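K.L.:
here is the input, now give the coordinates:
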Amino acid sequence: MSDTLITIIAIFLAAVLMFVFPLMSITERNDDIAQSLVQTATSEFVDTISNSGAIKASDYEAYLGKLASTGNTYDVEIEVQHLDENPGKKSTSTSGDLIGENVRYSSFTTEVLEGIYSNPDKLSYSLKKGDNVIVTAKNTNKTIAQSLRSFFYKVTGQGTYQVAASSSGMVVNTGK
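P.N.:
Residues are numbered from 1 along each chain as shown. Just a heads-up that it's a prediction; the model follows:
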């Protein structure tokens, strides 16, 4: 009887070692590949915005398409920090130096998307030189690797994300 029990346990352990751990390794690798793709797509999207000076609907939709190609769903957050220059003149008329503070105010995702899609002829959100753009993407679904980890390690992981990317840049050209 004890030999049979040991044999059953050995078969079970062999099955786990032969199938479960390679499966976990493959799913972890898929998440790594998705992470790399999302980081690259986010950086390219921010670089395009920084160089063109505008967030165009076509660029945004292409970015969302690249994210969707990973098989995950994402929450994309866009923040635009607008540069509000407040220059003043020094009291001496011979010097043309400006004094004053540069203040930034932020526009977030909903306001930016309303700006893009509010004018059907333009379909872009114009920025000016010196503005900052920050784009963050986090997956909202549970990946297969997260599901396997939760099952085997009893890690709940609610509200956490596996694949995320963030990129920021300063606008170098004023958009039209």
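
K.L.:
ok, T40 to V171 distance?
P.N.:
According to C-beta to C-beta, to the nearest Å, T40 stands 21 Å off from V171. For the C-beta atoms, the positions are set from N, CA and C on the backbone; glycine is no exception.

K.L.:
secondary structure element for S166?
P.N.:
strand 164-170 (DSSP states H and E).

K.L.:
same question, H82
P.N.:
Going by DSSP H and E, H82 is part of strand 74-85.

K.L.:
just checking, what's the longest helix in this structure?
P.N.:
helix 21-52 (DSSP state H).

K.L.:
could you check the angle strand 74-85 makes with that helix?
P.N.:
Orientation of helix 21-52 against strand 74-85 (axes from the mean of the first three to the mean of the last three C-alpha atoms, to 10 degrees) gives an angle of 30 degrees.

K.L.:
packing partners for the helix or strand following helix 21-52?
P.N.:
Counting by DSSP H and E, the next helix or strand C-terminal to helix 21-52 is strand 54-56. Packing partners of strand 54-56 (3 or more C-beta pairs under 8 Å, 6 or more residues apart in numbering; DSSP states H and E): helix 109-117, strand 124-126.
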